[in-house]
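S.K.: Coordinates for the following, if possible.
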Amino acid sequence: MRKQQSFLRERFAKDSYIMTTLVSKDFKLKYRRSVLGVAWSVLNPLLMMVALSLIFSHFFRFQIENFPLYLILGNTLFDYVSRSTNYGMLSIIDAAPLIKKIRVNKAIFPLEKVLFELLSFAISLIAVALVLIFFQIIPTANILFLPLLMLYVTLFASGLSFALAAFAVYFRDLVYLWGVVVLVWMYATPIFWPIDMLPDYMQTVIQFNPMFHFVTYFRQIVLWGDTPSLFSNLICLGMGLATFAAGYLIFRKLQRRFILHV
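M.R.: As a prediction, the model looks like this:
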């Protein structure tokens with residue numbers, strides 16, 4: 001038992017070191033040639049918010065109070081999942097030279113991409129804070145639910161990344177197909193539009209979209225100052241855990257033959 005515990009501790013320490021090193025490397029590579037550096041992670045969602053606010057609030061005339069904040073909350077959260085899954089999907093393929101040389105826990109690679117994007121998301125929250133200040137909205141104590149939401153979303157994004165990373169090794173066209181899926185998924189999520197514009201039956205259908213629940217949760221705690229219900233937490237946790245478990249099982253089953261296809 002002690003030997004097994006010692007082995008697990010050593011493996012955890014090794015995996016943690018590799019993951020920390022990879023996150024640090026990705027962070028340096030992302031901002032190495034950027035004049036604005038980390039500030040771009042704040043400016044990007046702000047500029048996107050301004051552009052989309054002009055399009056959707058004026059041309060489509062959606063009547064949503066504090067629409068720019070409504071928009072940036074949905075867009076930043078969806079962007080986190082989108083980037084996590086896109087980079088996570090390519091993680092095993094990109095790590096092929098390392099995988100071929102040394103024995104390493106392959107699950108580290110997709111998970112590291114998700115954690116790196118979580119760091120980027122945390123930086124983008126500065127943009128959200130600036131918009132809150134501009135609209136003179138003081139967050140309530142419900143903002144303390146944010147770490148819980150991020151746990152749910154990170155579990156969900158990790159599960160998708162595990163599955164996509166495994167399938168992409170065998171089916172490279174998935175890299176292009178996933179881009180189309182994400183685009184459709186984005187427009188099928190109430191990021192730019194209000195859900196009450198849909199007929200009743202479509203509002204029922206959209207309940208099966210996990211991002212609808214995550215985005216709504218985010219707006220509840222930041223924009224509307226509502227306390228998420230137990231049902232909302234159970235739905236978000238259930239979707240996160242189910243996706244993580246399914247994705248990890250798929251990854252574990254397919255990883256044995258990665259070396260033959262990367």
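S.K.: Was I right to think residue 23 contacts residue 113?
M.R.: No: Residue 23 sits out of contact with residue 113 when judged by CB atoms under 8 Å, with a separation of 9.1 Å. (Each C-beta comes from the backbone N, C-alpha and C, glycine too.)
S.K.: who's more crowded, those two?
M.R.: Set residue 23 next to residue 113 and count neighbours by other CB atoms under 10 Å: residue 113 wins out with 27 against 17.
S.K.: any idea how far the more buried one is from residue 91?
M.R.: 5 Å (CB to CB, to the nearest Å).
S.K.: overlap in contacts of those two?
M.R.: Counting by CB atoms under 8 Å, 6 or more residues apart in numbering, the residues touching both residue 113 and residue 91 are residue 161.
S.K.: buried ones in the one helix or strand residue 86 maps to?
M.R.: If you go by DSSP states H and E, residue 86 is part of helix 67-94. Burial within helix 67-94, assessed by neighbour count using 16 or more other CB atoms under 10 Å, is assigned to 67-93.
S.K.: pLDDT of the following helix or strand past it, averaged?
M.R.: Downstream of helix 67-94, the first helix or strand assigned by DSSP H and E is helix 96-101. The pLDDT scores in helix 96-101 average 81.
S.K.: now what about helix 96-101, what contacts it?
M.R.: Contacts of helix 96-101 with the rest of the structure, by CB under 8 Å, 6+ apart, involve 92, 104, 106, 258-259, 262.
S.K.: go again using 7 Å as the cut-off
M.R.: 104, 106, 258-259, 262 (CB atoms under 7 Å, 6 or more residues apart in numbering).
S.K.: same check, this time on stretch 191-211
M.R.: Identification of contacts with stretch 191-211 by CB under 7 Å, 6+ apart yields 52, 56, 62, 64, 71, 74-75, 78, 81, 156, 185, 188-189, 212, 215, 239.
S.K.: And those residues, which is closest to residue 120?
M.R.: When the contacts of stretch 191-211 are ranked by distance to residue 120 (CB to CB), residue 81 comes first, at 12.0 Å.
S.K.: isn't that closest one right next to residue 159, touching?
M.R.: No: the pair residue 81 / residue 159 is not scored as a contact, 10.9 Å apart, by CB atoms under 7 Å.
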